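Participant: Test case, fold it:
(one chain, ligands or ions: 1)
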Amino acid sequence: MSEDTSPVHAPRLAREVADTRQRLVTGGLFYLLGWVVVAAPSDVAQSHAVAGALVGLAFLLLAVLRFWPRPPAEDAPADKLQAWLDTRWWVVLATAALWGGVLSWTLLDPHMAPGRTAALLCTIAFATAFAHNYSLRLGRAALGIGLIYAPAPILMPYTGESLSVVVTLGVYTVYLGLVMVRSYREYQGQLDLYDRVRSQRDEFETLSRVDPLTGLANRRYFSGAMDHLLAGCRMHQQPLAMLVMDLDHFKYVNDEFGHDAGDVCLARFADRMREVFTAPGVHLARLGGEEFGVLLPGLDVRAAAEAAERMRASLELHPLQLREGPLSITVSIGVASLAPGSSAEGTDLYRAADRAMYQAKTDGRNRVRIDLGTA
Ligand SMILES: Nc1nc2c(ncn2[C@@H]2O[C@H](COP(=O)(O)OP(=O)(O)OP(=O)(O)O)[C@@H](O)[C@H]2O)c(=O)[nH]1
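Facilitator: This is a model prediction of the structure:
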């Protein structure tokens, strides 16, 4: 039962696992009940007591196997989800085959003849339920229905049943086929809709935390990360540093080269940030316009100022590459850090770094300034 198990299908498979699990809950015991109803009027207890008991036990075992093992977690790898589905299908198909055997038995063995009508009615009910509930996979559903139902139209012409019953069963087979295909299509439609809703949800989720122009975190996400990092740094008795960086005379880039070139400049600046700030735990964000933020957990104000100076110097030495050519642009950077024992909050850290950045602007731009108010 090999299927496509590429990771991209994992959420779709997880959904199928959940739906299959839901359908498995009922069903198994109905086959057992069906067997009791078929066996009761026949003299199986006298003629084939052991075989009859084994069939009952087999239905019971298959009913139990529907509940065990439990499905893997929703976010499990696709191959695990697929393996669980495959084993559940074996159980369902084995149940169908066993029922097909029961029906054949009632048709072929005169001892079982009194249970034949009940077997036939159960067969129609089970095949119909199968067509409605198990058309998650077309081929497997067709096989299951065939196993349950095929003995009836195949064997009945040889058991003295009237032609009208045989023809009716044949016509019903066509109906089952149509129901199965329709259920399959409806289910695939549901899965497609589920995929679309999920990818839109992922897109919205990404948009809610990422700045689309630069791919950096946005201000909202950055604030949340700051609270989180601050709690972590306090727990581990570490400082937390922040840089606020503002491009100098950025308006000139827009005015001179156009807004699109300004956008590319912002994106290239973000790339440069990624190149320069590579320490683990660093958070980069676009705070708005041409203002950017960096959170540096574990760095005191001096170490953070050194990191800021690396960024400033990098920009000064290596101009950003725009389509129009290299662009020499500079950045003013404000630095602040919260000491491990400080009771100041994230907003205080932000304000201090922002103050330092404005000081850098006032002092002539293209420089790093420190605010020691929170250090
Ligand atoms: N292309 C582009 N420009 C933006 C964006 N957001 C803000 N700006 C522009 O950024 C410029 C900011 O100008 P100012 O606040 O005067 O700052 P500045 O020119 O960098 O000067 P100083 O900060 O004082 O060095 C304005 O022209 C805004 O239109 C954006 O997403 N894309």
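
Participant: Please see if stretch 314-329 touches the ligand.
Facilitator: No. For stretch 314-329, no contact with the ligand is found by C-beta under 6 Å from any ligand atom; the gap never falls below 9.2 Å. In this view, the C-beta of every residue, glycine as well, is placed from N, C-alpha and C.

Participant: Which stretches in the protein count as strands?
Facilitator: 240-247, 283-288, 291-297, 320-322, 325-327, 331-338, 368-370 (DSSP state E).

Participant: Would you point out which residue of the protein is nearest the ligand?
Facilitator: G262 (2.6 Å; C-beta to the nearest ligand atom).

Participant: which stretches of the stretch 1-150 of the chain have low pLDDT?
Facilitator: 1-9 (pLDDT under 70).

Participant: all helices of it, in order?
Facilitator: Here the stretch 1-150 of the chain has its helices, by DSSP state H, counting those that start in this stretch, at 10-25, 28-39, 44-47, 49-65, 78-108, 116-133, 138-149.

Participant: Make TSV from those helices and add mean neighbour count and distance to G189 to it.
Facilitator: Formatted as TSV, those follow (neighbours: other C-beta atoms under 10 Å; distance: least, C-beta to C-beta, whole Å):
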stretch	mean neighbour count	distance to G189
helix 10-25	17	13
helix 28-39	19	28
helix 44-47	14	45
helix 49-65	15	30
helix 78-108	20	20
helix 116-133	20	15
helix 138-149	21	14
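
Participant: so which of those helices comes closest to L155?
Facilitator: Nearest to L155 among the helices of the stretch 1-150 of the chain is helix 78-108 (4.5 Å), distances taken as C-beta to C-beta.

Participant: packing partners for the closest one?
Facilitator: Applying 3 or more C-beta pairs under 8 Å, 6 or more residues apart in numbering; DSSP states H and E, we find helix 78-108 packed against helix 10-25, helix 28-39, helix 49-65, helix 116-133, helix 138-149, helix 151-155.

Participant: Distance to G346 added to those, as JSON lines?
Facilitator: Compiled in JSON lines, the helices and strands packed on helix 78-108 are given as follows (distance: least, C-beta to C-beta, whole Å):
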{"stretch": "helix 10-25", "distance to G346": "35"}
{"stretch": "helix 28-39", "distance to G346": "56"}
{"stretch": "helix 49-65", "distance to G346": "54"}
{"stretch": "helix 116-133", "distance to G346": "53"}
{"stretch": "helix 138-149", "distance to G346": "55"}
{"stretch": "helix 151-155", "distance to G346": "72"}
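
Participant: For those, give me TSV that also has distance to the ligand.
Facilitator: Shown next, in TSV, are these (distance: least, C-beta to the nearest ligand atom, whole Å):
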stretch	distance to the ligand
helix 10-25	33
helix 28-39	61
helix 49-65	59
helix 116-133	53
helix 138-149	50
helix 151-155	71
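
Participant: which one of those lies closest to G258?
Facilitator: Comparing the helices and strands packed on helix 78-108 under C-beta to C-beta, the one sitting nearest is helix 10-25, at 41.4 Å.

Participant: re earlier: can the strands of the chain go into TSV with extra columns for distance to R268, mean neighbour count and mean pLDDT?
Facilitator: Shown next, in TSV, are those (distance: least, C-beta to C-beta, whole Å; neighbours: other C-beta atoms under 10 Å; pLDDT from 0 to 100):
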stretch	distance to R268	mean neighbour count	mean pLDDT
strand 240-247	11	26	98
strand 283-288	13	20	97
strand 291-297	12	24	98
strand 320-322	4	17	93
strand 325-327	8	12	92
strand 331-338	12	28	97
strand 368-370	21	22	98
